[in-house]
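[1] The following block contains a protein sequence and its predicted model.
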Amino acid sequence: KSYLQSPFFNENELLSRLCELVTTVGLDDKPAVFHQLFPGRKYDDKEFRYLLSDLSRMLEHFFCLRAIGKNELIQKSLVAAELSSRNCNKAYNHVHLELTKGSHQEDAAYYKAQFEHAEVHLMYSATTSLRSQIPDYSDTMNFLDTFYVAKKMQLSCEITNLSNILNRKFEIPLSDEISAMVSSGYFDDKPVIQIYYHILLTLKFPNEEAHFVKAAELIKKNKSLFGAAELNEMYQYIKNYCVRKINSGKTEYLQKLFGIYKEMLLDKKLTRHEYLSQYEFKNIVSISLRLGEFKWCRNFLDTQISLLAPHERDNALTYNTAYFHFMNQEYRKAIRKLQEV
């Protein structure tokens with residue numbers, strides 16, 4: 001509503017009023033909303049739909065601004081491009097340093113943004129340098145290669161995982177060639193590529209535990225480089241690997257899975273990212289009890305229920321407390337709790 005009231009973004013006062021009506025009265029009775037906008041006029045469905053379309057476009061632009069506002073890297077990239085086109089050399093150099101020397105997450109999106117800025121910087125350098133100087137394309141090429149390979153690895157993991165689940169073969173063009181390049185050591189200094197490469201190997205060769213060990217080690221070592229969503233995705237792959245091993249009878253992976261869960265629970269970035277699934281909560285309780293970690297489990301139940309969505313907390317706590325009593329052979333307490341589920 002504040003956005004629509006700003007004359008910089010919106011000069012049509014009708015849209016502000018329409019937004020107010022849509023969010024309070026609703027659209028069940030369109031003629032009634034129309035008459036509040038245009039008292040005394042006959043309902044015009046075409047005109048009203050045009051207004052709704054205009055409001056939708058404003059909403060989409062608002063979403064775009066909010067998305068840009070959440071991503072500092074995109075903001076700085078756009079600012080750098082504008083400053084370059086306006087020949088604001090001093091301001092441009094300042095933003096360029098922030099982009100290239102600052103601390104950023106190093107996922108595939110980071111390398112994509114760095115590639116796009118490297119292109120801008122190449123053009124900026126060409127216009128501000130002597131014509132006799134040969135432009136340096138190395139950064140542009142390196143960022144492009146890193147983005148492409150990182151994204152290719154990430155998508156290869158998704159496709160291979162889906163292939164395993166559906167028992168179907170999916171073609172991944174250039175997969176062998178890119179894997180060979182990564183295994184040769186060309187991207188050893190790029191954690192995002194190394195992590196997805198070893199995750200891919202766990203999916204392709206599940207009996208070779210070394211790939212799981214390496215992937216878990218790399219994730220733990222480099223987790224500060226990734227946002228919560230991407231880090232959670234990486235952890236999900238190695239958790240799934242443990243689950244598959246447990247389901248095949250290798251119970252020693254219970255301890256490894258428990259260790260992964262504890263590692264994730266200690267990371268505030270992950271626990272504050274989104275609510276924990278009630279099923280994931282139950283898995284943590286179940287695994288800790290199977291391993292005899294009763295004291296840890298009791299503390300988890302008492303202190304971590306807030307990780308769940310508010311509407312799921314009471315029932316999840318009741319059910320999992322009942323299971324805690326059951327595993328402690330406190331059967332009467334378990335029955336009483338189960339009556340509340």
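    Thanks, I have the structure now. Numbers count the residues shown, from 1 in each chain.

[2] Can you get me a residue count around residue 17?
    15 (other Cβ atoms under 10 Å). Every C-beta, even on glycine, is put in place using the N, C-alpha and C of the backbone.

[3] Okay, it and residue 6: tell me how far apart.
    In this view, residue 17 and residue 6 are 15 Å apart by Cβ to Cβ, to the nearest Å.

[4] Next: residue 191.
    Relative to residue 6, residue 191 is positioned 42 Å away (Cβ to Cβ).

[5] Could you check which of these two is surrounded by more residues?
    Under the criterion of other Cβ under 10 Å, the comparison of residue 191 against residue 6 puts residue 191 first, with 19 against 10.

[6] Following the chain onward from the helix or strand that contains residue 112, which element is next?
    Element membership for residue 112, per DSSP states H and E: helix 108-128. Counting by DSSP H and E, the element after helix 108-128 in chain order, helix or strand, is helix 138-166.

[7] So what angle separates the directions of that following helix and helix 108-128?
    160 degrees (axes from the mean of the first three to the mean of the last three Cα atoms, to 10 degrees).

[8] Go ahead and measure how far helix 138-166 is from the middle of the chain.
    From the chain centre to the centre of helix 138-166 is a distance of 16 Å (Cα atoms, centre = their mean, to the nearest Å).

[9] How about stretch 48-63?
    That offset, for stretch 48-63, works out to 27 Å (Cα atoms, centre = their mean).

[10] Can you give me the buried ones in it?
    Neighbour-count burial for stretch 48-63 flags 48, 51, 55, 58 (criterion: 16 or more other Cβ atoms under 10 Å).

[11] do stretch 83-103 as well
    So, applying 16+ other Cβ under 10 Å, buried residues of stretch 83-103: 83-84, 92, 95-96, 99.

[12] Would you confirm that residue 340 contacts residue 317?
    No. Between residue 340 and residue 317 there is no contact under Cβ atoms under 8 Å: 9.8 Å.

[13] who's in contact with residue 77?
    For residue 77, the contacting residues are 99, 113, 116-117, 120, by Cβ atoms under 8 Å, 6 or more residues apart in numbering.

[14] how close does it sit to residue 12?
    31 Å.

[15] Also residue 124?
    38 Å.

[16] more crowded one of the two?
    Taking other Cβ under 10 Å, residue 124 and residue 12 do not tie; residue 124 has more neighbours (21 against 13).

[17] list the contacts for the more buried one?
    Neighbour list for residue 124: 84, 92 [criterion: Cβ under 8 Å, 6+ apart].

[18] at 6 Å what do you get?
    By Cβ atoms under 6 Å, 6 or more residues apart in numbering, the contact set of residue 124 is residue 84.

[19] what helix or strand is the spatially most central residue of the chain on?
    The residue lying closest to the centre of the chain (Cα atoms, centre = their mean) is residue 229, at 2.7 Å. For residue 229, the host element (DSSP H and E) is helix 228-247.

[20] who does whatever helix or strand comes next after that helix touch, helix- and strand-wise?
    Toward the C-terminal end, the helix or strand that comes next after helix 228-247 (DSSP H and E) is helix 253-265. Secondary-structure packing of helix 253-265 (3 or more Cβ pairs under 6 Å, 6 or more residues apart in numbering; DSSP states H and E): helix 228-247, helix 278-290.

[21] Turn those into TSV, including mean pLDDT and distance to residue 2.
    Formatted as TSV, those follow (pLDDT from 0 to 100; distance: least, Cβ to Cβ, whole Å):
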stretch	mean pLDDT	distance to residue 2
helix 228-247	95	28
helix 278-290	96	36
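
[22] Below-threshold pLDDT in the chain: ranges please.
    130-134 (pLDDT under 70).

[23] Report how many residues lie close to residue 15.
    20.

[24] and if you look at residue 64?
    10.

[25] Let me know the distance separating it from residue 102.
    In this view, residue 64 and residue 102 are 24 Å apart by Cβ to Cβ.

[26] go on, residue 78?
    In terms of Cβ to Cβ, residue 78 sits 16 Å off from residue 102.

[27] Kindly report the same for residue 231.
    Taking Cβ to Cβ, one finds residue 231 at 20 Å from residue 102.

[28] what's the answer for residue 169, then?
    To residue 102, residue 169 is 43 Å away according to Cβ to Cβ.

[29] One more: residue 23?
    Distance from residue 23 to residue 102, counting by Cβ to Cβ: 39 Å.

[30] For residue 41, give me the backbone phi and psi.
    Per-residue torsions, residue 41: phi -100, psi 150 (degrees, to the nearest 10).

[31] ok, so what distance separates it from residue 177?
    66 Å.

[32] With residue 228 instead?
    Taken as Cβ to Cβ, the span from residue 228 to residue 177 is 32 Å.

[33] Those two: which is more packed in?
    Ranked by neighbour count (other Cβ under 10 Å), residue 228 and residue 177 place residue 228 first, with 17 against 9.

[34] Tell me how many other residues crowd the residue lying closest to that one once chain neighbours are set aside.
    Spatial nearest neighbour of residue 228, chain neighbours left out: residue 273 (3.4 Å); criterion: Cβ to Cβ, 6 or more residues apart in numbering. Neighbours of residue 273 under the rule other Cβ under 10 Å: 14.
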